[in-house]
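Visitor: Model the following, please.
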Amino acid sequence: MNEIDSNHSTGSNRINSIDIFKGLSIALMVFVNTLSPFDMLPSWTRHASEYGLTYVDLVAPFFIFMLALNFTVSFKRHLEKDGRLKAYLRHLRRYLIFIGLGLFMFMDISESGLILHWGTLQVLGLSGLLFLPLAEANSLIKVIVGSFYIILHQLLLFSSLSTVIFDSIEAGVLGSLSWGAMMVFSSVLAEGLKKDIKWKYFLLGGSLFLIIGIITSFLWGISRGYMTLPYVFISVGVSSILYYIIYLIFEQRERNPIIHNEIILSPSGKNAFLLFLLHIVTLYFFHEIIPFSNSLVPGDMKWMVVISFALLNTYIILLIGYFLNKKEIYLTI
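Guide: Reported below is the predicted structural model:
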């Protein structure tokens with residue numbers, strides 16, 4: 001899955017900082033998803049309730065940002081190699097597969113019929129579809145369209161639909177306007193991959209989004225549940241600045257062989273989609289074993305057990321990523 005799991009070309013053609021950013025996002029996702037069902041944990045380990053922000057609220061935006069980073073790299077290559085029509089159809093197919101696979105994996109069959117649930121894959125797929133018509137647009141057009149998406153969503157929050165949005169998983173279908181805006185804005189900053197002076201995009205541009213988000217938070221609040229405008233701008237800004245820090249550290253390959261041979265996060269970043277699917281399986285196992293383990297320890301130690309298992313699950317996924325990369329086994333669509 002090249003948009004989550006970037007293209008597996010030769011090592012010299014890969015952008016190491018993107019793989020590391022993706023690997024970090026996968027590690028955070030596994031950790032927070034393992035913790036999510038348990039209420040005895042400190043507030044910093046969970047999503048903010050209605051308004052507010054924790055690091056957990058930034059994990060999904062990291063996936064949107066990696067989507068934009070990979071699109072910037074892969075679309076240009078496919079455009080040159082396969083032509084415009086095939087390049088667009090290739091990415092259209094991927095986004096539709098995201099949506100279809102997400103709906104299939106989490107559907108329920110009950111006496112009342114088939115129940116479809118919204119989730120992360122659907123968010124990624126629909127965000128990609130909202131962005132795809134802008135693939136070759138200039139940055140100004142992208143900013144205008146992204147602003148239209150997020151302003152329209154913010155207006156919906158002033159209506160009775162705000163309750164529907166807040167009560168829906170990942171803000172539901174209506175929240176896709178906000179996620180789509182996040183994807184469009186991220187793609188503007190991701191253009192820095194094509195430039196020599198990257199700090200103007202990832203650091204300066206990211207800081208600008210962050211500042212706008214902080215200023216507007218005094219008007220509309222920061223809320224992942226509602227997918228407010230300030231949340232979107234802050235998420236894009238933090239994602240961009242974090243990526244730039246990773247870029248500074250890990251793109252100096254010639255100077256530091258230890259950094260060049262990083263083996264913890266980058267292998268998982270190369271196989272992020274497969275690890276995304278595998279972590280769903282490991283979650284079921286850990287969500288069964290953790291309650292049993294908690295029954296064996298005193299109440300004030302239960303949170304330590306949960307966090308320990310979350311760290312173990314994260315380690316297992318990263319270890320699987322390492323061995324898959326060593327065997328050159330990748331899942332792409």
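Visitor: Could I get the full set of helices for the stretch 101-250 of the chain?
Guide: 120-131, 139-156, 161-167, 176-190, 199, 206-220, 229-250 (DSSP state H, counting those that start in this stretch).
Visitor: Would you mind listing the outside residues contacting the fifth one?
Guide: Going back to what we said before, that points to helix 199. For helix 199, the surrounding residues in contact (CB atoms under 8 Å, 6 or more residues apart in numbering) are Tyr244. For glycine as for every other residue, the C-beta is placed from the backbone atoms N, C-alpha and C.
Visitor: quick one on the thing from earlier: need the helices of the stretch 101-250 of the chain in a markdown table (columns: mean neighbour count).
Guide: Listed next are these as a markdown table, based on neighbours: other CB atoms under 10 Å:
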| stretch | mean neighbour count |
| --- | --- |
| helix 120-131 | 24 |
| helix 139-156 | 17 |
| helix 161-167 | 15 |
| helix 176-190 | 27 |
| helix 199 | 15 |
| helix 206-220 | 16 |
| helix 229-250 | 23 |
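Visitor: wait, isn't Asp124 in contact with Leu67?
Guide: Careful, residue 124 is Leu and not Asp. Yes: the criterion here is CB atoms under 8 Å, and Leu124 meets it with Leu67 at 6.0 Å.
Visitor: picking that back up, can you tell which of the helices of the stretch 101-250 of the chain is closest to Val56?
Guide: When the helices of the stretch 101-250 of the chain are compared by CB to CB, helix 229-250 sits nearest Val56, at 12.0 Å.
Visitor: Run the chain-centre distance for the closest one.
Guide: Taking the mean of its C-alpha atoms, helix 229-250 sits 12 Å from the chain's own mean (CA atoms, centre = their mean, to the nearest Å).
Visitor: so what does that helix touch, helix or strand wise?
Guide: helix 16-35, helix 59-82, helix 139-156, helix 176-190, helix 206-220 (3 or more CB pairs under 8 Å, 6 or more residues apart in numbering; DSSP states H and E).
Visitor: is it possible to export those helices to CSV including mean pLDDT?
Guide: Formatted as CSV, the helices and strands packed on helix 229-250 follow (pLDDT from 0 to 100):
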stretch, mean pLDDT
helix 16-35, 96
helix 59-82, 94
helix 139-156, 98
helix 176-190, 98
helix 206-220, 98
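Visitor: Which one of those lies nearest to Leu132?
Guide: Nearest to Leu132, of the helices and strands packed on helix 229-250 and by CB to CB, is helix 59-82 at 8.8 Å.
Visitor: ok, back up a step: make CSV from the helices and strands packed on helix 229-250 and add distance to Ser240 to it.
Guide: Shown next, in CSV, are those (distance: least, CB to CB, whole Å):
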stretch, distance to Ser240
helix 16-35, 11
helix 59-82, 7
helix 139-156, 14
helix 176-190, 5
helix 206-220, 3
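Visitor: nearest to Ser293, of the ones you listed?
Guide: helix 16-35 (12.8 Å).
Visitor: Relative to the whole chain's centre, how far out is that closest one?
Guide: With CA atoms, centre = their mean, you get 9 Å for helix 16-35.
Visitor: follow-up on the earlier one: if we compare the helices and strands packed on helix 229-250, which one ends up closest to Gly321?
Guide: Across the helices and strands packed on helix 229-250, closest to Gly321 is helix 16-35 (CB to CB), at 7.1 Å.
Visitor: ok so, going back, relative to His91, which of the helices and strands packed on helix 229-250 is closest?
Guide: Nearest to His91, of all those, is helix 59-82, at 6.5 Å by CB to CB.
Visitor: buried ones in that closest one?
Guide: 59-75, 78-79 (16 or more other CB atoms under 10 Å).
Visitor: coming back round to it: can you redo the helices of the stretch 101-250 of the chain as JSON lines with distance to Met107?
Guide: Supplementary listing: the helices of the stretch 101-250 of the chain in JSON lines, determined by distance: least, CB to CB, whole Å:
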{"stretch": "helix 120-131", "distance to Met107": "12"}
{"stretch": "helix 139-156", "distance to Met107": "26"}
{"stretch": "helix 161-167", "distance to Met107": "19"}
{"stretch": "helix 176-190", "distance to Met107": "19"}
{"stretch": "helix 199", "distance to Met107": "45"}
{"stretch": "helix 206-220", "distance to Met107": "34"}
{"stretch": "helix 229-250", "distance to Met107": "28"}
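Visitor: Asp300: which of the helices and strands packed on helix 229-250 is closest?
Guide: helix 16-35 (17.4 Å).
Visitor: now for the closest one, which elements pack on it?
Guide: Packed next to helix 16-35, using 3+ CB pairs under 8 Å, 6+ apart, are helix 59-82, helix 229-250, helix 266-269, helix 272-294, helix 302-326.
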